[in-house]
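A.B. asks: Sharing a model prediction with you, sequence too.
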Amino acid sequence: MVPDKFDKLVVKLKDSDPNIGVSAASDLLALGPEGISYLVDEIVDLNKPTRERISELIRKQYSFERLRDKACNDESGGVQLLGISRYPEALEILLKLLKDKLTRPVPNLGEVRVWYVIEALGLLGDVRALPELQQVLNSDIDYKDIDIYKDAKRAIKLIDPEAPVTSKWLKPYNL
């Protein structure tokens with residue numbers, strides 16, 4: 001598969017017509033881990049109707065158990081697909097993964113990074129995740145990368161665009 005094929009599917013994915021976006025998402029899912037990677041990279045920036053239709057598509061193609069196993073076994077895109085799927089049962093698993101990742105901030109090579117879990121929580125869209133995400137914003141975790149806080153802020157806004165977002169870490173960077 002040449003990258004041009006992926007690029008063309010990403011352009012279709014971003015189309016304002018949800019039908020075209022969902023068709024491209026289906027094609028990307030069919031391409032395996034690399035296609036899933038492209039889908040995951042773009043999903044946050046898609047319009048809400050397209051994201052919702054892609055959630056339905058994922059629930060048709062993947063059982064909750066399969067996505068849970070992919071996420072818990074650190075398979076490529078598994079955590080994000082679990083969030084995108086919007087399975088109600090996903091919240092508990094994602095919050096457990098978040099807690100685990102925050103207590104071990106330096107992941108092993110190939111392990112799911114904490115920001116993937118944060119992004120998945122935002123994509124899940126469950127308001128019950130808001131306190132945990134706000135806690136990340138105000139934690140004293142020693143992260144060298146300010147992006148962890150920006151990702152938490154973005155996840156909060158995906159769940160509730162009107163939610164107040166405050167962080168002692170984002171203020172000095174004017175983010």
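C.D. replies: Perfect, I can see it now. Numbers count the residues shown, from 1 in each chain.

A.B. asks: Y116: neighbour count?
C.D. replies: A count of nearby residues for Y116, using other CB atoms under 10 Å, gives 23. From N, CA and C alone the C-beta is placed, and that goes for glycine too.

A.B. asks: Pretty sure it sits against L82.
C.D. replies: No. Applying CB atoms under 8 Å, one finds Y116 not in contact with L82, separated by 10.1 Å.

A.B. asks: Any regions of this protein where pLDDT drops low?
C.D. replies: For the chain, the stretches flagged by pLDDT under 70 are 1-3, 76, 104-112, 140-146, 167-175.

A.B. asks: Tell me where it has helices.
C.D. replies: Assigned by DSSP state H, the chain shows helices spanning 3-13, 18-30, 33-43, 48-61, 64-72, 78-85, 90-103, 114-124, 130-138, 147-159.

A.B. asks: buried ones in the third one?
C.D. replies: In terms of neighbour count (16 or more other CB atoms under 10 Å), helix 33-43 has its buried residues at G35, I36, S37, Y38, L39, V40, E42, I43.

A.B. asks: that older thread, determine which stretch of the helices of the chain is the most buried.
C.D. replies: Mean neighbour count (mean count of other CB atoms under 10 Å) peaks for helix 78-85 among the helices of the chain, with a mean of 28.

A.B. asks: Provide the contact partners of that one at residue level.
C.D. replies: Residues outside helix 78-85 that contact it (CB atoms under 8 Å, 6 or more residues apart in numbering) are 36, 40, 43, 51, 54-55, 58-59, 62, 64, 67-72, 90, 93-94, 97, 112, 116-117, 119-124.

A.B. asks: at 7 Å what do you get?
C.D. replies: If you take CB atoms under 7 Å, 6 or more residues apart in numbering as the criterion, helix 78-85 is touched by 36, 40, 43, 54-55, 58-59, 62, 67-68, 70-71, 90, 93-94, 97, 112, 116-117, 119-121, 123-124.

A.B. asks: Kindly report the same for stretch 41-56.
C.D. replies: By CB under 7 Å, 6+ apart, stretch 41-56 touches 10, 13-14, 16, 18, 21-22, 25, 84-86, 119, 123, 158.

A.B. asks: What is the end-to-end distance of that stretch?
C.D. replies: Separation of the first and last residues of stretch 41-56 by CA to CA, to the nearest Å is 18 Å.

A.B. asks: Show me how the chain divides into domains.
C.D. replies: Following automatic domain parsing, one gets these domains for the chain: 1-61, 79-175.

A.B. asks: want to throw the buried residues of helix 33-43 into TSV with distance to E162?
C.D. replies: Converted to TSV, the buried residues of helix 33-43 look like this (distance: CB to CB, whole Å):
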residue	distance to E162
G35	34
I36	31
S37	31
Y38	31
L39	28
V40	26
E42	25
I43	22
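
A.B. asks: Go through those residues and say which is closest to S139.
C.D. replies: The shortest gap between S139 and any of the buried residues of helix 33-43 belongs to V40, at 24.7 Å (CB to CB).

A.B. asks: That concludes my questions; thank you for your assistance.
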